[in-house]
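A.B. asks: Build me a structure from this.
(one chain, ligands or ions: 1)
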Amino acid sequence: MQQKFYKYQGTGNDFVMIDNRQQTFDKNNTNLVADLCDRRFGIGADGLILLENHESYDFKMVYYNSDGNESTMCGNGGRCLVAFAKHLGVISENAVFEAIDGLHHASIKDGIVRLQMQDVTSVLKKDDHIFLDTGSPHHVQFEDAIDTFKIKAKGSKIRYGAPYFEEGSNVNFVKHIDNDTFRLRTYERGVEDETLSCGTGATATAIAMHYIGETEKNIISIQVEGGKLEVSFDFEDGIYTNVWLVGPAKFVFEGTI
Ligand SMILES: N[C@@H](CCC[C@H](N)C(=O)O)C(=O)O
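C.D. replies: Here you go, the predicted structure:
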């Protein structure tokens, strides 16, 4: 059977999107997902996302990394899925959808998607890094030589090392640019390489920088390799609420497999 696909990208984090409201996609076929995401033998993407029906909300998000395995929340993928849902006529300007980490509110206007992320109730500050979960696990550490250092080599060593091991963590390298602006490069678990942007990583980095007092701002600009993201939040009693990830989400091309 032929399957239509759509390719979207959010600040360079790219995804194959499939409308699976009729349950036509072979969901447990890890090799198929990995083949579709392969940049030489397939369509090419950092991940694949299914849009499915939900009994109470606008839709459901099912996310796979490019290694073919279903994974935890993808912030840029969620933003792209909102753009895809609008294209399909599933939503108009506002959306509420369910992902693996719970419910998300979102809106889209002029190609900019605002996505509400989960509250963050725990941030671990270690000697040389910060660890937190923003729907996906994130290790955040400073790197002054952010333009030149070997992110894949350094990132994979941390991702597979203690205390993360096989389950792993995404690894973010950050440099402070000015009061409310940070530069970020991310090594993504499940892609096992640097991606041009990571939404949960940008969210984690903004919160981590606020938590350690690197900035007092609660609207933070994150410069990623593929563009710019904005993260905003409220902070009270050690808990981050009202967390929003904002940035562009764009259709790239469509086809049939
Ligand atoms: N690119 C994503 C993160 C996707 C999940 C991650 N690779 C993992 O498995 O933890 C984002 O934009 O958040």
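
A.B. asks: switch to C-alpha atoms for all contacts and neighbour counts from now on
C.D. replies: Fine.

A.B. asks: mind checking how far stretch 232-242 is from the chain centre?
C.D. replies: The chain centroid and the centroid of stretch 232-242 are separated by 20 Å under CA atoms, centre = their mean, to the nearest Å.

A.B. asks: Output that stretch as PDB, restricted to C-alpha atoms.
C.D. replies: Output in PDB follows, covering the C-alpha atoms of stretch 232-242 (Å, rounded to 0.1, in the frame of the first residue of the first chain):
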ATOM      1  CA  SER A 232       9.800  31.700  28.400                       C
ATOM      2  CA  PHE A 233       8.600  30.500  31.800                       C
ATOM      3  CA  ASP A 234       7.400  31.400  35.300                       C
ATOM      4  CA  PHE A 235       9.500  30.400  38.400                       C
ATOM      5  CA  GLU A 236       8.100  30.000  41.900                       C
ATOM      6  CA  ASP A 237       9.000  27.800  44.800                       C
ATOM      7  CA  GLY A 238      11.600  26.000  42.800                       C
ATOM      8  CA  ILE A 239       9.200  25.000  40.100                       C
ATOM      9  CA  TYR A 240       9.100  26.100  36.500                       C
ATOM     10  CA  THR A 241       5.600  26.500  35.100                       C
ATOM     11  CA  ASN A 242       4.000  28.100  32.100                       C
END
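
A.B. asks: Quick one: residues contacting the residue lying closest to residue 34 once chain neighbours are set aside.
C.D. replies: Spatial nearest neighbour of residue 34, excluding adjacent residues (CA to CA, 6 or more residues apart in numbering): residue 68 at 4.3 Å. Going by CA atoms under 8 Å, 6 or more residues apart in numbering, residue 68 touches 29, 30, 31, 32, 33, 34, 35, 47.

A.B. asks: Break the chain into its domains for me.
C.D. replies: 4-116, 123-244 (the TED database).

A.B. asks: Identify whichever of those domains lies nearest to residue 250.
C.D. replies: Of all those, it is domain 4-116 that lies closest to residue 250, at 5.4 Å by CA to CA.

A.B. asks: So residue 234 is in contact with residue 241, correct?
C.D. replies: Yes - here residue 234 lies in contact with residue 241, judged by CA atoms under 8 Å, at a distance of 5.2 Å.

A.B. asks: And the helices in the protein, which stretches?
C.D. replies: Ranges of helices within the chain are 30-37, 75-88, 151-160, 199-211, based on DSSP state H.

A.B. asks: quick one: pLDDT of the residue nearest to residue 10 when sequence neighbours are not counted?
C.D. replies: Take residue 10 and drop its neighbours on the chain: the residue closest to it by CA to CA, 6+ apart is residue 249, 4.4 Å away. On pLDDT, residue 249 comes in at 98.

A.B. asks: Quick check: residue 249 vs residue 34, distance?
C.D. replies: According to CA to CA, to the nearest Å, residue 249 and residue 34 sit 23 Å apart.

A.B. asks: Could you do residue 183 as well?
C.D. replies: 30 Å.
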